[in-house]
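*Asks:* Show me the folded form of this:
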Amino acid sequence: MKGISETFFEIFRKTVPVIPKRDLFITLIKLAFLKRIFPGKNNVNIRMGNLQICGPDYDLLSFLIKEKFVKE
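*Replies:* This is a model prediction of the structure:
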């Protein structure tokens, strides 16, 4: 069984969509804000530019977005 991060990276392995820095910044701020309001919320969705991204919680989703879109 694949882990969540493996599935996330598999989806974006071939082509990483170009996300404007402004949209990426706004999404990370939204995640930080929502993470503090709903600390234990599961199965979260957030829109980043033209993408709808789903994840198990705000912490992991924030980490995966930073790992894939900021560090690369």
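
*Asks:* The lengthiest helix in the chain: which residues count as buried?
*Replies:* Longest helix in the chain, counting residues (DSSP state H): helix 21-37. Judged by neighbour count using 16 or more other C-beta atoms under 10 Å, the buried positions of helix 21-37 are 24, 27-28, 31, 34-35. Bear in mind the C-beta positions are built from the backbone N, C-alpha and C, glycine included.

*Asks:* closest to Asp57 among those?
*Replies:* Lys35 (8.3 Å; C-beta to C-beta).

*Asks:* list the contacts for the closest one?
*Replies:* Lys35 makes contacts with 58-59, 62, as judged by C-beta atoms under 8 Å, 6 or more residues apart in numbering.

*Asks:* Where do the strands of the protein begin and end?
*Replies:* For the chain, the strands defined by DSSP state E occupy 44-48, 51-55.

*Asks:* Quick one: the ones you listed as TSV, columns for mean neighbour count, mean pLDDT and distance to Lys71 too.
*Replies:* Shown next, in TSV, are those (neighbours: other C-beta atoms under 10 Å; pLDDT from 0 to 100; distance: least, C-beta to C-beta, whole Å):
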stretch	mean neighbour count	mean pLDDT	distance to Lys71
strand 44-48	16	86	16
strand 51-55	15	84	16
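
*Asks:* how about a markdown table for these, with distance to Phe69 added?
*Replies:* Below are the strands of the chain laid out as a markdown table (distance: least, C-beta to C-beta, whole Å):
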| stretch | distance to Phe69 |
| --- | --- |
| strand 44-48 | 8 |
| strand 51-55 | 10 |
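
*Asks:* Val18 is nearest to which of those strands?
*Replies:* Per C-beta to C-beta, nearest to Val18 of those: strand 51-55, 10.9 Å.
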